[in-house]
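# Give me a 3D structure for the following:
(one chain, ligands or ions: 1)
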Amino acid sequence: MAIVPNKITLSPLQKVADNLLQKHQVSLSIQRDDLLHPIIHGNKWRKLKYNLVLFNQSDKQEILTFGGPFSNHIYACAAASKIFKLPMRAIIRGPELDVSNPTLRFAKSCGMQLHPVSRIEYRQRNQSQYLEQLSKRYPNAYILPEGGTNAGALRGVAELANSLPEHDYLLCPTGSGGTLAGLAQGHTKKEVLGVAVLKNAHYLINEIRALSGPTATKWQLLTDYHDGGYGRFSPELWQFCQKMKRDHHLPLEPIYSGKMMYALWQLIEQGYFPSGSKIIAVHTGGLQGLQGLKYRGLINAY
Ligand SMILES: Cc1ncc(COP(=O)(O)O)c(C=O)c1O
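Numbers count the residues shown, from 1 in each chain. Predicted coordinates:
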C-alpha cells in the first residue's frame, strides 16, 4: 500500500469547562491527538509519519525498532506495519517474551517480529557499536530508535505545533523529550511546558536542547510531577484520571496524559498561569497502555 501520510494530520480540539479554570480565569483546550487515528495514536503517529516517508525513500526493506513490553511505540509501529504492509521487527526489553501481554499479543497479530533481549543488552540500544552489530545482522533494516525520537519525528511533531490556534502555553508529557523538542521547534513565540513522567529527568534538558536546536521557542521541562517515577502513579493520580473522564469525557491513562493533566491541575491551583492565559494541552494518546495496566493488576476497571 502506498503511504499517504498527509491523510492523518487532523485531530479535534476539546474545550474544557471547569470551576478551577473559571476561578483562575484561564482557558484550557485539549488537542485530542489520541483521536488522530483509530490505532496509531497521538504522538506516535506524529513521530512515525516522516520516518515512514524516509523509509520509503531509502533502499531498506524493513523497519527495526526497540521498546519495552507494554510500549505505545511498539503498538503503534505494529499497527503501521499491518496497515501499510511494512515488514517490522522489534527488539523487546525482556528477558522473556510474554505474548499474553496485550501490547505484544497485538504486535504479534500484526505480523511484527519480536526479539526479546536481556535488560543488559537492551541498555545498549542507543550505542553505536550495538547499532552497527544490528545493522550487520539485519542489513536491510531502517533503524528507528526507541520511542521513535529522531529528526524525522521532530518534523512530524512540529507540524502539530504549527497547526494550533492562538494560545499562551502549550503542554505535553515528556518521556524521551522528542515531543517537547518537536513542539518547541514548530513554535515561534509561545512557551512550551513538558511534564517529565520519569524521576531525575534533569539529564533530558541537554538532550532536548540538542534535539530542538537554536531556533526553538522558549520551553521548560517540569521535573517535579513524575508521581513516583516512570510507570508509577499514586492512587490519587488514577482517581484524578477517572474523574476527568467522568466530568469532561476526557479519557486519560496515568503514565503520560494523566500525569500531564494532574500536573496542569496543580499548576493552575498554584496560580502558575497569569489570569487570561490560554492553555493548550496535547493528549499524546497511549490509551492502549490501560489494557497493560489492567493485565498487571495495577488498575481495576477503566
Ligand atoms: C502516549 C505517550 N505520550 C508521550 C510520550 C512521551 O513522548 P517523548 O518520548 O517524545 O517525550 C510517550 C512516549 O514516547 C507516549 O507513549
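# residue contacts, Ser163?
Applying CB atoms under 8 Å, 6 or more residues apart in numbering, we find Ser163 in contact with 9-10. C-beta coordinates here come from the backbone N, C-alpha and C atoms, glycine included.
# swap that for Leu264, sorry
Listed by CB under 8 Å, 6+ apart, the contact set of Leu264 reads 28, 171, 195, 279, 281.
# Take those residues and keep only those in strands.
Among the contacts of Leu264, the members falling in strands (DSSP state E) are 28, 171, 195, 279, 281.
# Make JSON lines out of these and add pLDDT.
Output for the ones in strands among the contacts of Leu264, formatted as JSON lines (pLDDT from 0 to 100):
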{"residue": "Leu28", "pLDDT": "98"}
{"residue": "Leu171", "pLDDT": "97"}
{"residue": "Val195", "pLDDT": "98"}
{"residue": "Ile279", "pLDDT": "97"}
{"residue": "Ala281", "pLDDT": "98"}
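# three-state assignment of the residue minimising distance to the centre of the chain?
Centroid-nearest residue in the chain, with CA atoms, centre = their mean: Asn43, separated by 4.7 Å. Using DSSP: H, G, I helix; E, B strand; the rest coil, the secondary structure recorded for Asn43 is helix.
# and what of Lys60?
Following three-state DSSP, the label given to Lys60 is coil.
# wait, isn't it in contact with Leu144?
No. Using CB atoms under 8 Å, Lys60 is not in contact with Leu144; the gap is 10.5 Å.
# neighbour count winner among the two?
When Lys60 and Leu144 are compared for neighbours, Leu144 comes out ahead with 25 against 17, by other CB atoms under 10 Å.
# need the contact list for the residue lying closest to the more buried one once chain neighbours are set aside.
Of all residues not flanking Leu144 in the chain, Thr65 sits nearest, at 4.2 Å (CB to CB, 6 or more residues apart in numbering). By CB under 8 Å, 6+ apart, Thr65 lies in contact with 73-74, 77, 88-91, 143-146, 148.
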